[in-house]
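Q: next one to model:
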Amino acid sequence: MGKDVSPTTISGEDRRRYRDKVRSCLDVLARMLGESQFDFERPHIGLEIELNLIDALGDPLMRNADVLKAIADPAWATELGQFNLEINIPPRELGGSGTGELEAEVRDHLNLADARAREVGAHLVMIGILPTLRRTDIGEEVISANARYKMLNDQIFAARGEEMRIAVDGPEPLRMHADTIIPEAACTSVQFHLQVSPDHFGDYWNAAQAVAGPQVALAANSPFLFGHRLWHETRITLFEQATDTRPDELKTQGVRPRVWFGERWITSVFDLFEENARYFPSLLPLCDEEDPVEVLESGGIPELGELSLHNGTVYRWNRPIYAVVNGRPHLRVENRVLPAGPTVADIVANGAFYYGLVRMLAEEEWPVWTRMSFQTAAANLHRAARDGLDAMLYWPGIGEVPAGELVQRTLLPMAYEGLDRWGVDPVRRDRLLGIIDRRCATGRTGASWQIQTVEAIEESFGTERHEALRLMTQSYARLMHTNEPVHNWPIGP
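A: Below you'll find the predicted structure:
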């Protein structure tokens, strides 16, 4: 949902016209898939990272417009909250020479941006949920100055008809209500993109769904929200609740949530786009001038703008992407389950694990999704988000085992072979997957480091919770810049 929009009043006619355009786009997509028009020579990957802004004390800083102006780089953009930014890293071939330079390139981008942000008193931090965020920070006045965010907020609450209720269990359970979608802005993530051919899209999407649980267990980095210690990856349940357009009555009727794992394995990318159109009413019913049928029949490549915009307001954990690049259409799986941080090294290692593993699973003769129910894959995701590496996850042929053991004994060897098939340099492969191995061996994720560090600060200094979170966040920001993987970080301020 990255496109900008202009403030407008939405009528019933707008909604009817938009629905018709989405259906027309679906028909055109079906024709394009049947005619094999999609670009796929060598697979490309892409990366997006969402970040938080903090001040010198570690508290959220509501100045993303000023920071963007200081950075002055089109790769950077706003996100929902004024304390959020996002960077888009240019795509590159998976296994090509550019893959090896990804870590250095991202670090260069972040270091330059952070240096410029400091000119206006800001610091960048990559963390799943900013621990120092307080309930007083989530009013409508901190929505970023872009009309699409205000419109999205208004449309979600118009559909819902009441305040948002957020309830998260954990060691320190949280119960609250919100009258804006700003709690969603607390969730900052990393999105890994993988370009795939139409013929194999279903296999790669199914594989990504199957590994969502192990991914989250490995990368958990969001244990605190509004001062409460909750899940290891609280971001998963917070995002699901903070954009929910359904009052209780619609939940009871079985209406699908907009943050959605899905409900079945698929055979084609068309399944996902068709479900999105069939199950979800529009939130931003804004029509383009393009007639996709006319463009296709005249030999052109349609943008399918309404379908893409609608797709961007259905927040699947693995989202299908249709895009036109250099005049050629292509398809991507956008993997959205992981939090930002802690370091660039950790992020790129998480990506290496994901890309290697899905390659192997997508090419298995007896696919994992024929041996595991879809509901089990969804349950794995929520168990992993709650308990991190200690989560008990199910895997076919093994049963329920701790997530760290599942990764080390079963999934990591597959990731090594998958990266070999992609043509990744063995030295880089070994370094990145070595980070994953050591994270499992030590049991130290970003979440466990945060929990242990806050406990150490509170026990050593007797500080109240918010001050302990500030000190931890300051230490986190310093260690983030060392690019030393989190499993090597010392506990304490």
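Q: any chance you could map the helices in the stretch 101-250 of the chain?
A: Secondary structure of the stretch 101-250 of the chain, counting by DSSP state H, counting those that start in this stretch: helices at 102-118, 147-160, 201-210, 212-219, 234-242, 248-252.
Q: which residues sit against the longest one?
A: Contacts of helix 102-118 with the rest of the structure, by CB atoms under 8 Å, 6 or more residues apart in numbering, involve 47, 49, 53, 67, 70-73, 75-76, 85, 87, 89, 92, 123-124, 126, 344-345, 347-348, 351, 481, 483. For every residue, glycine as well, the C-beta is placed using N, CA and C.
Q: what average pLDDT does that helix get?
A: In this model, helix 102-118 has a mean pLDDT of 96.
Q: next one: the shortest one
A: Within the predicted structure, the mean pLDDT of helix 248-252 is 92.
Q: may I have the distance across stretch 483-493, first residue to last?
A: Distance between the boundary residues of stretch 483-493 (CA to CA, to the nearest Å) amounts to 17 Å.
Q: then stretch 143-151?
A: With CA to CA as the measure, the ends of stretch 143-151 fall 11 Å from one another.
Q: please enumerate the helices of the stretch 251-400 of the chain.
A: So, for the stretch 251-400 of the chain - with DSSP H, counting those that start in this stretch - the helices run 269-279, 292-297, 305-311, 344-362, 374-387.
Q: and those helices: which comes nearest Q209?
A: Smallest distance to Q209 across those (CB to CB): 5.4 Å, for helix 374-387.
Q: quick one: contacts of the closest one?
A: The set of residues that contact helix 374-387 without belonging to it, under CB under 8 Å, 6+ apart, is 170, 209-210, 212-217, 220, 231-237, 261-265, 317, 337, 369, 391-394, 403.
Q: got a quick ChimeraX command for the buried subset of these?
A: Buried subset of the contacts of helix 374-387, written as a ChimeraX selection, criterion 16 or more other CB atoms under 10 Å:
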select :170,209,210,212,213,214,215,216,217,220,231,232,233,234,235,236,237,261,262,265,317,337,369,391,393,394,403
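Q: redo the helices of the stretch 251-400 of the chain as a markdown table? Include mean neighbour count, distance to V190 and mean pLDDT.
A: Output for the helices of the stretch 251-400 of the chain, formatted as a markdown table (neighbours: other CB atoms under 10 Å; distance: least, CB to CB, whole Å; pLDDT from 0 to 100):
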| stretch | mean neighbour count | distance to V190 | mean pLDDT |
| --- | --- | --- | --- |
| helix 269-279 | 19 | 21 | 96 |
| helix 292-297 | 16 | 32 | 96 |
| helix 305-311 | 23 | 20 | 95 |
| helix 344-362 | 24 | 6 | 98 |
| helix 374-387 | 21 | 15 | 98 |
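Q: closest one to A477 among those?
A: For A477, the closest of those is helix 344-362, at 13.6 Å, according to CB to CB.
Q: give me the distance from that closest one to the chain's centre.
A: 14 Å (CA atoms, centre = their mean, to the nearest Å).
Q: how far off helix 201-210 does it point, in degrees?
A: Orientation check (axes from the mean of the first three to the mean of the last three CA atoms, to 10 degrees): helix 344-362 against helix 201-210 gives 130 degrees.
Q: mind giving me the packing neighbours of helix 344-362?
A: Contact analysis of helix 344-362 by 3 or more CB pairs under 8 Å, 6 or more residues apart in numbering; DSSP states H and E lists strand 44-54, helix 102-118, strand 189-196, helix 201-210, helix 212-219, helix 412-422, helix 426-442 as its packing neighbours.
Q: quick one, which of these is nearest to G139?
A: Taking CB to CB, strand 44-54 is the member of the helices and strands packed on helix 344-362 nearest to G139, at 16.7 Å.
Q: for that closest one, packing partners?
A: Secondary-structure packing of strand 44-54 (3+ CB pairs under 8 Å, 6+ apart): strand 84-93, helix 102-118, strand 123-125, strand 189-196, helix 344-362.
Q: which is the next helix or strand following that strand?
A: In the C-terminal direction, the helix or strand that comes right after strand 44-54 (DSSP states H and E) is helix 64-71.
Q: how far is whichever helix or strand comes after that following helix from where the chain is centred?
A: Going down the chain from helix 64-71, the next helix or strand is strand 76-78, by DSSP H and E. Taking CA atoms, centre = their mean, one finds strand 76-78 lying 16 Å from the centre of the chain it belongs to.
Q: pull up the pairing partners for strand 76-78, direction included.
A: In its sheet, strand 76-78 lies beside strand 84-93 (antiparallel), with partners assigned from DSSP bridges.
Q: residues contacting the partner strand, please?
A: Applying CB under 8 Å, 6+ apart, the set of residues contacting strand 84-93 from outside is 42-53, 64, 67-68, 75-79, 98-99, 102, 105-106, 109-110, 113, 124, 144, 185, 188, 193, 195.
Q: mean confidence for that strand?
A: 94.
Q: what's the angle between that strand and strand 189-196?
A: Between the axes of strand 84-93 and strand 189-196, defined by the same axes, to 10 degrees, the angle is 20 degrees.
Q: list the buried residues of strand 84-93.
A: Of the residues in strand 84-93, those with enough neighbours to count as buried (16+ other CB under 10 Å) are 84-89, 91-93.
Q: sorry, back to before: tell me which of the helices and strands packed on helix 344-362 sits most buried.
A: Stretch with highest mean neighbour count among these: helix 212-219 (a mean of 28; mean count of other CB atoms under 10 Å).
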